[in-house]
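Student: only the shape, not the letters, is given here:
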Ligand SMILES: O=P(O)(O)OC[C@H]1O[C@](O)(CO)[C@@H](O)[C@@H]1O
């Protein structure tokens, strides 16, 4: 499963890309608006931090296929790199996906709440579909089951489209999406940190350190000959 960071915050992206095996970034208008800076300035800063090869998924705002296609062209000109145009899965969005795929754009279909919507987006040519796990859960549905259904549908019909599950609020949702074969998960940075953390891991490390320090003093191993000899005495 690919891990993607769901944030436009530059400090989070610098730290997240430094520490974690993340392969890209997703944004949407709400995530961008939180940063309170000019749109293209934010996107260019993100591209600078993550490099040209990492995926950057950027959502359009247009409500007709024509407007969406024009926005996609501007994004390609102004941001570039490994760019995915995020398009909401409305009828005009499906039309835009078909047009943009003919022009060679990479596309992520977003705002997906049902497996039916995901299948239509895949048939239109989307590279990724983004079902909203937590928002589905909040409507008494099962976000994870929706992801599982989409994965099954794509397998049934041999579709190359990948599922990038989105809208996560906790680590268990990320776990469950991986178990059902979601190809990617786009997660806020705090959720990604929750995925790696466990209190017993911290306890174990504290215990190792205390045991070491009781015998050897300062807790460190440095790999030059002097230290190795010292350690092995
Ligand atoms: O429910 P939330 O946390 O607002 O998430 C909505 C999701 O929509 C997306 O735009 C889909 O890619 C993500 O950026 C985000 O995870």
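Tutor: Nice, I can see it. A quick note: this is a predicted structure, and the numbers were derived from the prediction, not measured. Numbering: from 1, shown residues only.

Student: in the sheet, who's paired with residue 87?
Tutor: Using DSSP bridges, the bridge partners assigned to residue 87 are residue 109.

Student: that one: what's it in contact with?
Tutor: For residue 87, the set of contacting residues under the criterion of Cβ atoms under 8 Å, 6 or more residues apart in numbering consists of 59-60, 68, 93, 96-97, 100, 107-110, 126. Glycine gets a C-beta too; all of them are placed from N, C-alpha and C.

Student: which ones are touching residue 144?
Tutor: Under the criterion of Cβ under 8 Å, 6+ apart, the neighbours of residue 144 are 133, 173, 176-177, 180.

Student: which one of the contacts of residue 87 is nearest residue 204?
Tutor: Closest approach to residue 204 among these (Cβ to Cβ): residue 108, at 38.9 Å.

Student: the closest one and residue 85 touch, don't they?
Tutor: Yes - at 7.2 Å, residue 108 and residue 85 qualify as touching, with contact defined as Cβ atoms under 8 Å.

Student: and the contacts of residue 144 as a markdown table, adding distance to residue 23?
Tutor: Output for the contacts of residue 144, formatted as a markdown table (distance: Cβ to Cβ, whole Å):
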| residue | distance to residue 23 |
| --- | --- |
| 133 | 19 |
| 173 | 19 |
| 176 | 20 |
| 177 | 15 |
| 180 | 20 |
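
Student: just the closest of the residues you listed to the ligand, please.
Tutor: Each of the contacts of residue 144 was scored against the ligand by Cβ to the nearest ligand atom, and residue 133 proved nearest at 8.3 Å.

Student: count the neighbours of the closest one for me.
Tutor: By other Cβ atoms under 10 Å, the residues close to residue 133 number 26.

Student: same check, this time on residue 154
Tutor: By other Cβ under 10 Å, the burial measure for residue 154, its neighbour count, is 21.
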